[in-house]
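*Asks:* I need the structure of the sequence given here:
(one chain, ligands or ions: 2)
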Amino acid sequence: MINKIRLAIRNDLEASAETRQFGSGWISGFLALVASIAGLLLLLSQRYPQWFSMKELALIHNQTIFSFVIQSILVIAFLLALINLVLRRNKILGFSAITLVFASLLIGQLIDPQEQYIANAYALGFDWFVLNLLLTGLLFIPLEKLFGRLTDQPLFRSEWREDLFYFLISSVLVQIISFLSLSPSMFILETTGSWSGFRLLVAEQPLVLQVLEIMLLTDFVQYWFHRLFHEIPFLWRFHAVHHSAQKMDWLAGSRMHIVEIVGLRGLTIIPMFVLGFNQQALSIYILLVYLNATFVHANLRFNVEWLKPFIVTPRFHHWHHGIEKEAINVNYSIHFPWLDKLFGTYYMPPHQWPKGYGIGGHPVPNGYWKQFLYPFQKKKKTK
Ligand SMILES: [Zn+2]
Ligand SMILES: [Zn+2]
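*Replies:* Residues are numbered from 1 along each chain as shown. Ligands and ions are numbered 1, 2, ... in the order given. Now for the predicted structure:
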(Lines give C-alpha, C1' and ligand atoms only; values in the text may rest on other atoms or scores of the structure.)
(Ligands and ions follow the chains in the order given, each with its own letter.)
Protein backbone atom coordinates (compact mmCIF):
# COMPACT_ATOMS: atom_id res chain seq x y z
CA MET A 1 0.00 0.00 0.00
CA ILE A 2 2.68 2.48 1.08
CA ASN A 3 4.83 1.41 -1.85
CA LYS A 4 1.92 1.99 -4.22
CA ILE A 5 1.41 5.49 -2.82
CA ARG A 6 5.13 6.23 -3.07
CA LEU A 7 5.18 5.08 -6.66
CA ALA A 8 2.09 7.13 -7.49
CA ILE A 9 3.66 10.24 -5.92
CA ARG A 10 6.89 9.64 -7.79
CA ASN A 11 5.09 9.14 -11.09
CA ASP A 12 3.19 12.38 -10.74
CA LEU A 13 6.29 14.33 -9.66
CA GLU A 14 8.11 12.95 -12.70
CA ALA A 15 5.18 13.62 -15.05
CA SER A 16 6.03 14.78 -18.56
CA ALA A 17 6.58 18.49 -19.23
CA GLU A 18 3.22 18.88 -21.07
CA THR A 19 1.27 17.68 -18.05
CA ARG A 20 3.21 19.86 -15.61
CA GLN A 21 2.34 23.19 -17.20
CA PHE A 22 0.99 26.16 -15.27
CA GLY A 23 -2.70 25.55 -14.64
CA SER A 24 -2.34 21.77 -14.61
CA GLY A 25 -2.31 21.63 -10.80
CA TRP A 26 1.16 20.13 -10.76
CA ILE A 27 2.94 23.15 -9.28
CA SER A 28 0.35 23.49 -6.50
CA GLY A 29 0.53 19.77 -5.80
CA PHE A 30 4.31 19.76 -5.67
CA LEU A 31 4.44 22.85 -3.43
CA ALA A 32 1.67 21.45 -1.20
CA LEU A 33 3.66 18.26 -0.70
CA VAL A 34 6.88 20.15 0.08
CA ALA A 35 5.06 22.50 2.50
CA SER A 36 3.23 19.66 4.26
CA ILE A 37 6.46 17.69 4.77
CA ALA A 38 8.26 20.86 5.93
CA GLY A 39 5.40 21.65 8.34
CA LEU A 40 5.38 18.14 9.78
CA LEU A 41 9.16 17.99 10.26
CA LEU A 42 9.30 21.47 11.81
CA LEU A 43 6.46 20.53 14.14
CA LEU A 44 8.31 17.39 15.23
CA SER A 45 11.46 19.43 15.80
CA GLN A 46 9.44 21.85 17.91
CA ARG A 47 7.65 19.19 19.96
CA TYR A 48 10.72 16.96 20.41
CA PRO A 49 13.74 19.27 20.15
CA GLN A 50 15.80 16.82 22.17
CA TRP A 51 15.43 14.31 19.32
CA PHE A 52 14.88 16.31 16.14
CA SER A 53 16.52 19.70 16.45
CA MET A 54 19.99 21.02 15.72
CA LYS A 55 21.11 22.83 18.85
CA GLU A 56 22.52 25.78 16.88
CA LEU A 57 18.93 26.49 15.78
CA ALA A 58 17.72 26.93 19.38
CA LEU A 59 17.10 30.60 18.61
CA ILE A 60 14.28 29.92 16.17
CA HIS A 61 12.67 27.49 18.60
CA ASN A 62 12.58 29.99 21.42
CA GLN A 63 10.47 32.47 19.54
CA THR A 64 6.68 32.32 19.62
CA ILE A 65 6.86 33.23 15.97
CA PHE A 66 8.05 29.66 15.25
CA SER A 67 4.62 28.22 16.09
CA PHE A 68 3.03 30.79 13.82
CA VAL A 69 5.42 29.89 10.99
CA ILE A 70 4.62 26.18 11.32
CA GLN A 71 0.88 26.85 11.35
CA SER A 72 1.18 29.14 8.32
CA ILE A 73 3.15 26.52 6.38
CA LEU A 74 0.47 23.92 7.14
CA VAL A 75 -2.36 26.28 6.12
CA ILE A 76 -0.53 27.10 2.88
CA ALA A 77 0.04 23.37 2.27
CA PHE A 78 -3.68 22.74 2.75
CA LEU A 79 -4.75 25.56 0.40
CA LEU A 80 -2.28 24.49 -2.28
CA ALA A 81 -3.49 20.91 -1.94
CA LEU A 82 -7.06 22.09 -2.53
CA ILE A 83 -5.94 23.86 -5.71
CA ASN A 84 -4.27 20.64 -6.81
CA LEU A 85 -7.45 18.64 -6.13
CA VAL A 86 -9.53 21.07 -8.18
CA LEU A 87 -7.15 21.41 -11.12
CA ARG A 88 -5.52 18.04 -11.56
CA ARG A 89 -7.00 14.76 -12.60
CA ASN A 90 -4.30 12.81 -10.75
CA LYS A 91 -4.84 14.00 -7.18
CA ILE A 92 -2.16 11.99 -5.41
CA LEU A 93 0.02 15.00 -4.51
CA GLY A 94 -2.91 16.94 -3.06
CA PHE A 95 -4.26 13.97 -1.11
CA SER A 96 -0.83 13.13 0.27
CA ALA A 97 -0.27 16.73 1.36
CA ILE A 98 -3.68 16.89 3.07
CA THR A 99 -2.97 13.61 4.88
CA LEU A 100 0.32 15.02 6.18
CA VAL A 101 -1.38 18.28 7.22
CA PHE A 102 -3.96 16.32 9.23
CA ALA A 103 -1.25 14.13 10.74
CA SER A 104 0.54 17.31 11.81
CA LEU A 105 -2.64 18.73 13.32
CA LEU A 106 -3.16 15.52 15.25
CA ILE A 107 0.41 15.54 16.57
CA GLY A 108 -0.01 19.21 17.44
CA GLN A 109 -3.15 18.38 19.43
CA LEU A 110 -1.77 15.34 21.19
CA ILE A 111 1.66 16.64 22.15
CA ASP A 112 2.18 19.95 23.89
CA PRO A 113 5.16 22.10 23.01
CA GLN A 114 8.09 21.87 25.43
CA GLU A 115 8.18 24.63 28.02
CA GLN A 116 11.86 25.05 27.34
CA TYR A 117 14.09 24.18 24.42
CA ILE A 118 16.09 21.05 25.22
CA ALA A 119 19.43 21.02 23.40
CA ASN A 120 20.95 17.69 22.50
CA ALA A 121 24.21 17.38 20.60
CA TYR A 122 23.15 13.98 19.21
CA ALA A 123 19.67 14.91 18.02
CA LEU A 124 18.72 14.63 14.34
CA GLY A 125 18.45 17.95 12.52
CA PHE A 126 14.91 17.82 11.09
CA ASP A 127 14.74 21.60 11.38
CA TRP A 128 18.09 21.99 9.61
CA PHE A 129 16.96 19.69 6.78
CA VAL A 130 13.90 21.88 6.13
CA LEU A 131 15.89 25.09 6.39
CA ASN A 132 18.73 23.75 4.28
CA LEU A 133 16.41 22.47 1.56
CA LEU A 134 14.41 25.70 1.46
CA LEU A 135 17.52 27.89 1.39
CA THR A 136 19.29 25.97 -1.36
CA GLY A 137 16.12 25.09 -3.27
CA LEU A 138 14.70 28.61 -3.25
CA LEU A 139 17.99 30.03 -4.45
CA PHE A 140 19.07 27.46 -7.03
CA ILE A 141 15.82 26.10 -8.52
CA PRO A 142 14.85 29.53 -9.94
CA LEU A 143 18.46 30.17 -11.01
CA GLU A 144 18.51 26.87 -12.92
CA LYS A 145 15.15 27.72 -14.49
CA LEU A 146 16.43 31.11 -15.63
CA PHE A 147 20.05 30.32 -16.49
CA GLY A 148 20.03 26.56 -16.90
CA ARG A 149 22.45 24.96 -19.32
CA LEU A 150 20.17 22.02 -20.05
CA THR A 151 16.86 23.82 -20.20
CA ASP A 152 14.89 20.62 -20.71
CA GLN A 153 16.25 18.87 -17.59
CA PRO A 154 13.32 18.68 -15.16
CA LEU A 155 13.60 19.20 -11.41
CA PHE A 156 12.63 15.56 -10.90
CA ARG A 157 15.21 14.15 -13.29
CA SER A 158 16.41 10.56 -13.05
CA GLU A 159 18.12 9.68 -9.75
CA TRP A 160 16.61 12.67 -7.91
CA ARG A 161 15.44 10.40 -5.12
CA GLU A 162 18.95 9.15 -4.38
CA ASP A 163 20.37 12.65 -4.31
CA LEU A 164 17.55 13.98 -2.15
CA PHE A 165 18.12 11.11 0.26
CA TYR A 166 21.81 12.04 0.48
CA PHE A 167 20.74 15.60 1.17
CA LEU A 168 18.34 14.35 3.86
CA ILE A 169 20.92 12.13 5.56
CA SER A 170 23.70 14.71 5.64
CA SER A 171 21.24 17.34 6.91
CA VAL A 172 19.66 15.27 9.69
CA LEU A 173 23.06 13.94 10.77
CA VAL A 174 24.49 17.46 10.76
CA GLN A 175 25.41 17.44 14.45
CA ILE A 176 27.25 14.14 14.47
CA ILE A 177 29.01 14.96 11.16
CA SER A 178 30.10 18.34 12.54
CA PHE A 179 31.30 16.78 15.78
CA LEU A 180 33.39 14.17 13.96
CA SER A 181 34.72 16.70 11.45
CA LEU A 182 35.72 19.13 14.17
CA SER A 183 37.44 16.55 16.38
CA PRO A 184 40.89 16.64 14.68
CA SER A 185 40.93 20.46 14.78
CA MET A 186 39.84 20.49 18.43
CA PHE A 187 42.58 18.05 19.31
CA ILE A 188 45.20 20.22 17.59
CA LEU A 189 43.81 23.36 19.27
CA GLU A 190 44.06 21.75 22.71
CA THR A 191 47.64 20.67 22.21
CA THR A 192 49.00 23.86 20.68
CA GLY A 193 48.32 26.53 23.29
CA SER A 194 51.78 27.94 22.62
CA TRP A 195 50.67 29.20 19.19
CA SER A 196 48.48 31.91 20.73
CA GLY A 197 50.80 34.76 19.70
CA PHE A 198 50.74 33.61 16.08
CA ARG A 199 46.95 33.18 16.18
CA LEU A 200 46.54 36.75 17.39
CA LEU A 201 48.53 38.00 14.40
CA VAL A 202 46.36 35.94 12.01
CA ALA A 203 43.13 37.23 13.56
CA GLU A 204 44.25 40.84 13.32
CA GLN A 205 44.65 40.79 9.53
CA PRO A 206 42.03 42.52 7.34
CA LEU A 207 38.91 40.39 6.98
CA VAL A 208 39.16 40.02 3.18
CA LEU A 209 42.70 38.77 3.49
CA GLN A 210 41.69 36.22 6.11
CA VAL A 211 38.85 34.88 3.93
CA LEU A 212 41.19 34.62 0.93
CA GLU A 213 43.79 32.83 3.02
CA ILE A 214 41.20 30.36 4.31
CA MET A 215 40.05 29.71 0.72
CA LEU A 216 43.59 29.11 -0.41
CA LEU A 217 44.59 26.86 2.49
CA THR A 218 41.41 24.77 2.49
CA ASP A 219 41.50 24.40 -1.29
CA PHE A 220 45.13 23.29 -1.16
CA VAL A 221 44.26 20.59 1.39
CA GLN A 222 41.06 19.74 -0.47
CA TYR A 223 42.93 19.45 -3.77
CA TRP A 224 45.31 16.79 -2.43
CA PHE A 225 42.65 14.98 -0.43
CA HIS A 226 40.48 14.87 -3.54
CA ARG A 227 43.36 13.77 -5.75
CA LEU A 228 44.29 10.93 -3.39
CA PHE A 229 40.64 9.82 -3.41
CA HIS A 230 40.94 9.52 -7.19
CA GLU A 231 44.35 7.94 -7.38
CA ILE A 232 44.32 5.39 -4.54
CA PRO A 233 41.99 2.55 -5.57
CA PHE A 234 40.61 1.85 -2.09
CA LEU A 235 39.76 5.52 -1.54
CA TRP A 236 38.39 5.84 -5.06
CA ARG A 237 35.65 3.35 -4.17
CA PHE A 238 34.31 5.86 -1.63
CA HIS A 239 34.65 8.80 -3.99
CA ALA A 240 33.19 6.83 -6.92
CA VAL A 241 29.83 7.27 -5.19
CA HIS A 242 30.05 11.05 -5.73
CA HIS A 243 31.01 10.46 -9.36
CA SER A 244 28.22 7.97 -10.00
CA ALA A 245 25.74 10.85 -10.56
CA GLN A 246 24.68 10.89 -14.20
CA LYS A 247 22.78 14.15 -13.95
CA MET A 248 24.18 17.40 -12.63
CA ASP A 249 22.16 20.00 -10.81
CA TRP A 250 21.89 21.79 -7.44
CA LEU A 251 21.13 18.49 -5.70
CA ALA A 252 23.75 16.27 -7.36
CA GLY A 253 26.66 17.42 -5.20
CA SER A 254 24.92 16.00 -2.11
CA ARG A 255 25.74 12.53 -3.29
CA MET A 256 28.82 11.71 -1.24
CA HIS A 257 29.71 8.73 0.91
CA ILE A 258 29.42 9.67 4.57
CA VAL A 259 32.95 8.40 5.27
CA GLU A 260 34.25 10.80 2.65
CA ILE A 261 32.17 13.69 4.02
CA VAL A 262 33.66 13.29 7.49
CA GLY A 263 37.19 12.69 6.19
CA LEU A 264 37.10 15.58 3.75
CA ARG A 265 35.65 18.06 6.19
CA GLY A 266 37.80 16.84 9.07
CA LEU A 267 40.97 17.52 7.10
CA THR A 268 40.06 20.64 5.13
CA ILE A 269 38.85 22.55 8.16
CA ILE A 270 42.06 21.99 10.09
CA PRO A 271 43.85 25.06 8.64
CA MET A 272 40.77 27.24 9.09
CA PHE A 273 40.28 26.34 12.74
CA VAL A 274 43.79 25.93 14.09
CA LEU A 275 45.58 28.95 12.64
CA GLY A 276 43.54 31.53 14.51
CA PHE A 277 41.28 33.11 11.86
CA ASN A 278 38.62 35.20 13.54
CA GLN A 279 35.01 34.10 13.87
CA GLN A 280 33.72 36.56 11.29
CA ALA A 281 36.13 35.25 8.65
CA LEU A 282 35.17 31.66 9.49
CA SER A 283 31.44 32.46 9.22
CA ILE A 284 31.88 34.20 5.86
CA TYR A 285 33.90 31.25 4.54
CA ILE A 286 31.39 28.67 5.78
CA LEU A 287 28.56 30.51 4.01
CA LEU A 288 30.69 30.84 0.90
CA VAL A 289 31.68 27.18 0.73
CA TYR A 290 28.09 26.13 1.49
CA LEU A 291 26.85 28.06 -1.56
CA ASN A 292 29.87 27.10 -3.67
CA ALA A 293 29.37 23.35 -3.23
CA THR A 294 25.87 23.68 -4.69
CA PHE A 295 26.90 26.21 -7.33
CA VAL A 296 29.66 24.14 -8.93
CA HIS A 297 27.36 21.14 -9.41
CA ALA A 298 24.37 23.20 -10.54
CA ASN A 299 22.91 23.00 -14.01
CA LEU A 300 23.99 26.58 -14.72
CA ARG A 301 25.58 28.41 -17.59
CA PHE A 302 28.20 30.79 -16.29
CA ASN A 303 29.56 32.93 -19.06
CA VAL A 304 31.84 35.36 -17.27
CA GLU A 305 34.89 34.31 -19.26
CA TRP A 306 37.51 36.48 -17.57
CA LEU A 307 36.67 35.02 -14.15
CA LYS A 308 37.23 31.45 -15.22
CA PRO A 309 40.99 31.26 -14.59
CA PHE A 310 40.46 32.61 -11.06
CA ILE A 311 37.42 30.88 -9.61
CA VAL A 312 35.83 27.49 -10.09
CA THR A 313 32.68 27.67 -12.22
CA PRO A 314 30.04 25.01 -12.89
CA ARG A 315 31.67 24.18 -16.24
CA PHE A 316 35.03 23.54 -14.56
CA HIS A 317 33.55 21.14 -12.01
CA HIS A 318 31.21 19.57 -14.56
CA TRP A 319 34.34 18.56 -16.48
CA HIS A 320 35.52 16.90 -13.29
CA HIS A 321 32.35 14.78 -13.48
CA GLY A 322 32.51 14.29 -17.26
CA ILE A 323 32.11 10.81 -18.74
CA GLU A 324 34.80 11.49 -21.38
CA LYS A 325 38.26 9.93 -21.10
CA GLU A 326 39.86 13.39 -21.01
CA ALA A 327 37.78 14.21 -17.95
CA ILE A 328 39.27 11.44 -15.81
CA ASN A 329 41.39 12.70 -12.90
CA VAL A 330 41.25 16.41 -13.74
CA ASN A 331 39.97 19.64 -12.12
CA TYR A 332 40.24 18.77 -8.44
CA SER A 333 40.09 22.25 -6.94
CA ILE A 334 36.85 23.76 -5.68
CA HIS A 335 37.88 27.42 -5.39
CA PHE A 336 40.94 28.15 -7.51
CA PRO A 337 41.37 26.41 -10.90
CA TRP A 338 44.98 27.61 -11.09
CA LEU A 339 45.83 25.03 -8.41
CA ASP A 340 45.05 22.42 -11.07
CA LYS A 341 47.19 24.32 -13.57
CA LEU A 342 50.01 24.39 -11.02
CA PHE A 343 49.81 20.65 -10.37
CA GLY A 344 49.14 19.62 -13.96
CA THR A 345 45.54 18.45 -13.74
CA TYR A 346 43.71 21.33 -15.45
CA TYR A 347 41.27 20.48 -18.24
CA MET A 348 38.93 23.04 -19.74
CA PRO A 349 38.28 22.85 -23.50
CA PRO A 350 36.95 26.24 -24.59
CA HIS A 351 33.17 26.67 -24.49
CA GLN A 352 32.47 22.94 -24.33
CA TRP A 353 30.61 20.92 -21.76
CA PRO A 354 30.91 17.18 -21.15
CA LYS A 355 28.60 14.99 -23.22
CA GLY A 356 27.51 13.12 -20.13
CA TYR A 357 28.35 12.50 -16.50
CA GLY A 358 29.34 9.54 -14.38
CA ILE A 359 31.92 6.77 -14.54
CA GLY A 360 32.51 4.74 -17.70
CA GLY A 361 30.57 1.48 -17.42
CA HIS A 362 28.62 2.88 -14.42
CA PRO A 363 29.99 0.38 -11.87
CA VAL A 364 28.36 1.94 -8.79
CA PRO A 365 24.92 0.47 -8.00
CA ASN A 366 21.85 2.68 -7.59
CA GLY A 367 20.35 3.52 -4.21
CA TYR A 368 21.74 5.01 -1.02
CA TRP A 369 22.31 1.83 0.97
CA LYS A 370 23.88 -0.13 -1.89
CA GLN A 371 26.19 2.82 -2.44
CA PHE A 372 26.92 3.01 1.26
CA LEU A 373 28.14 -0.60 1.18
CA TYR A 374 29.85 -0.34 -2.21
CA PRO A 375 33.35 0.70 -0.97
CA PHE A 376 33.43 -2.17 1.52
CA GLN A 377 32.60 -4.88 -1.01
CA LYS A 378 34.99 -6.92 -3.09
CA LYS A 379 36.22 -4.80 -5.90
CA LYS A 380 35.75 -4.91 -9.59
CA LYS A 381 37.81 -2.37 -11.48
CA THR A 382 35.94 0.92 -11.64
CA LYS A 383 38.14 3.29 -13.57
ZN1 LIG B 1 36.24 13.76 -7.75
ZN1 LIG C 1 31.44 17.05 -7.52
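*Asks:* ok, His297 touching Gly253?
*Replies:* Yes - counting by C-beta atoms under 8 Å, His297 touches Gly253, with 3.5 Å between them. Any C-beta I mention is one placed from the backbone N, CA and C, and that applies to glycine too.
*Asks:* which of the two has more neighbours?
*Replies:* Neighbours were counted for His297 and for Gly253 using other C-beta atoms under 10 Å; His297 has more, 26 against 23.
*Asks:* and the more buried one, what is it in contact with?
*Replies:* 248-253, 314, 317-318, 321 (C-beta atoms under 8 Å, 6 or more residues apart in numbering).
*Asks:* got any ranges where this protein has weak pLDDT?
*Replies:* Scanning the chain for pLDDT under 70 picks out the ranges 379-383.
*Asks:* Need the residues that contact the helix ranked longest in it.
*Replies:* Assignment by DSSP state H gives helix 207-231 as the longest helix of the chain. Under the contact criterion C-beta under 8 Å, 6+ apart, helix 207-231 has outside partners 202-203, 205, 235-236, 238-239, 260, 263-264, 267-272, 275, 277-278, 280-282, 284-285, 288-289, 329, 332-336, 339-340, 343, 345.
*Asks:* Go again with 7 Å.
*Replies:* 235-236, 238-239, 260, 264, 267-268, 271-272, 277-278, 280-281, 284-285, 329, 332-336, 339 (C-beta atoms under 7 Å, 6 or more residues apart in numbering).
*Asks:* helices or strands next to the next helix or strand after it in the packing?
*Replies:* Using DSSP states H and E, the helix or strand that directly follows helix 207-231 along the chain is helix 233-243. Judged by 3 or more C-beta pairs under 7 Å, 6 or more residues apart in numbering; DSSP states H and E, helix 233-243 is in contact with helix 207-231, helix 258-274.
*Asks:* The longest one to helix 233-243, inter-axis angle?
*Replies:* Comparing the axes of helix 207-231 and helix 233-243 via axes from the mean of the first three to the mean of the last three C-alpha atoms, to 10 degrees yields an angle of 110 degrees.
*Asks:* In helix 207-231, which residues are buried?
*Replies:* Going by neighbour count (16 or more other C-beta atoms under 10 Å), the buried part of helix 207-231 is 210-215, 217-223, 225-227, 229-230.
*Asks:* now the last one
*Replies:* Taking 16+ other C-beta under 10 Å as the neighbour-count basis, helix 258-274 is seen to contain the buried residues 258, 260-274.
*Asks:* tell me the angle of it relative to helix 233-243?
*Replies:* Going by the same axes, to 10 degrees, helix 258-274 is angled at 90 degrees with respect to helix 233-243.
*Asks:* Could you shift the numbering so residue one becomes 10, and keep it that way?
*Replies:* Let's use 10 as the start, then, which means that last one is helix 267-283.
*Asks:* Does anything pack onto helix 267-283? Which helices or strands?
*Replies:* Short answer (3+ C-beta pairs under 7 Å, 6+ apart): helix 267-283 packs on helix 183-200, helix 216-240, helix 242-252.
*Asks:* Turn those into CSV, including distance to Ile46.
*Replies:* Output for the helices and strands packed on helix 267-283, formatted as CSV (distance: least, C-beta to C-beta, whole Å):
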stretch, distance to Ile46
helix 183-200, 18
helix 216-240, 33
helix 242-252, 25
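*Asks:* Which one of the ones you listed lies nearest to Gly157?
*Replies:* helix 242-252 (21.8 Å; C-beta to C-beta).
*Asks:* Show me which residues of that closest one are buried.
*Replies:* Neighbour-count burial for helix 242-252, with 16+ other C-beta under 10 Å as criterion, is recorded at 244-252.
*Asks:* Need the residues that contact it.
*Replies:* 237-239, 264-266, 268-269, 330, 367-368, 373, 380, 383-384, 388, 391-392.
*Asks:* tell me which residues in stretch 100-117 are buried?
*Replies:* Along stretch 100-117, these residues count as buried under the neighbour rule (16+ other C-beta under 10 Å): 100-107, 109-110, 113-114, 117.
*Asks:* Confirm for me that Gln380 is in contact with Pro372.
*Replies:* No - the pair Gln380 / Pro372 is not scored as a contact, 11.1 Å apart, by C-beta atoms under 7 Å.
*Asks:* if you count what's nearby, which of the two comes out ahead?
*Replies:* Neighbour totals were compared for Gln380 and Pro372, and Gln380 leads with 22 against 16 (other C-beta under 10 Å).
*Asks:* Mind giving me the packing neighbours of whatever helix or strand the more buried one lives in?
*Replies:* Using DSSP H and E, Gln380 falls within helix 377-382. Judged by 3+ C-beta pairs under 7 Å, 6+ apart, helix 377-382 is in contact with helix 169-181.
*Asks:* so how far is Ser180 from the most centrally placed residue in the chain?
*Replies:* With distances taken as C-alpha atoms, centre = their mean, the chain has Ser263 as the residue nearest its mean C-alpha position (4.3 Å). Distance of Ser263 to Ser180, given as C-beta to C-beta, to the nearest Å: 9 Å.
*Asks:* which outside residues touch the helix or strand hosting Lys154?
*Replies:* Applying DSSP H and E as the criterion places Lys154 in helix 135-156. Applying C-beta under 7 Å, 6+ apart, the contact partners of helix 135-156 are 47, 50-51, 53-54, 61-63, 66, 164, 176-177, 180-181, 183, 258-259, 303, 307-310.
*Asks:* And stretch 316-336, by the same measure?
*Replies:* Stretch 316-336 is contacted from outside by 252, 254, 257, 304-307, 309, 311, 339-340, 342-347, 356-357, 362-367, 369, using C-beta under 7 Å, 6+ apart.
*Asks:* gap between the two ends of that stretch?
*Replies:* Length of stretch 316-336, first residue to last, C-alpha to C-alpha, to the nearest Å: 21 Å.
*Asks:* How far away from the center of its chain is it?
*Replies:* 19 Å (C-alpha atoms, centre = their mean, to the nearest Å).
*Asks:* Alright, that wraps it up for me.
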